[in-house]
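**Student:** quick one: sequence plus predicted model below, questions after.
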Amino acid sequence: MEVPVILGMWGGMEIPIIVGAAILLFGGSKIRDVARGLGAAKKEFQVGQAEADIAAERARAEARAQAEANAATATVAPAAAIQPPVTTPPAQP
């Protein structure tokens, strides 16, 4: 298991000391509330991300359908209908 860089500089005893100090300072119920809030925030973020993915896919599908509809209705002029450019002869001196 790879240890994150910030935890790599701490030994095995520092982490329990820091957690114990946090419990003493804030109390167990406050830490539970913070953890619960972080979990709810993570869940809300994931729901929002899923909704954004669905909206983006819907927009791509609509754009694809619009492009296909435009391509189907586009008409190409027949070659006989294209007129050559009209040129004027140079003036005679």
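**Tutor:** That came through, no problem. The structure displayed is predicted, hence computed values, not measured ones.

**Student:** how far away from the center of its chain is stretch 47-67?
**Tutor:** Averaged C-alpha coordinates place stretch 47-67 at 11 Å from its chain's average position (CA atoms, centre = their mean, to the nearest Å).

**Student:** what residues sit buried inside it?
**Tutor:** For stretch 47-67, a neighbour-count test (16 or more other CB atoms under 10 Å) marks nothing as buried. Where you see a C-beta, it was placed from the backbone N, CA and C, and this is true even at glycine.

**Student:** check contacts around residue 63.
**Tutor:** Residues counted as contacts of residue 63 (CB atoms under 8 Å, 6 or more residues apart in numbering): none.

**Student:** measure it to residue 55 for me?
**Tutor:** According to CB to CB, to the nearest Å, residue 63 stands 13 Å off from residue 55.

**Student:** and the next element down the chain from the helix or strand containing residue 18?
**Tutor:** Per DSSP states H and E: residue 18 is located in helix 14-26. Using DSSP H and E, the helix or strand that follows helix 14-26 in sequence is helix 28-73.

**Student:** got the angle for that following helix vs helix 14-26?
**Tutor:** Computed with axes from the mean of the first three to the mean of the last three CA atoms, to 10 degrees, the direction of helix 28-73 lies at 100 degrees from that of helix 14-26.

**Student:** picking that back up, what mean pLDDT does the helix holding residue 18 get?
**Tutor:** Averaging pLDDT along helix 14-26 gives 87.

**Student:** now do it: which elements does it pack against?
**Tutor:** Packing partners of helix 14-26 (3 or more CB pairs under 8 Å, 6 or more residues apart in numbering; DSSP states H and E): helix 28-73.

**Student:** off-centre distance for the helix it packs on?
**Tutor:** That offset, for helix 28-73, works out to 8 Å (CA atoms, centre = their mean).
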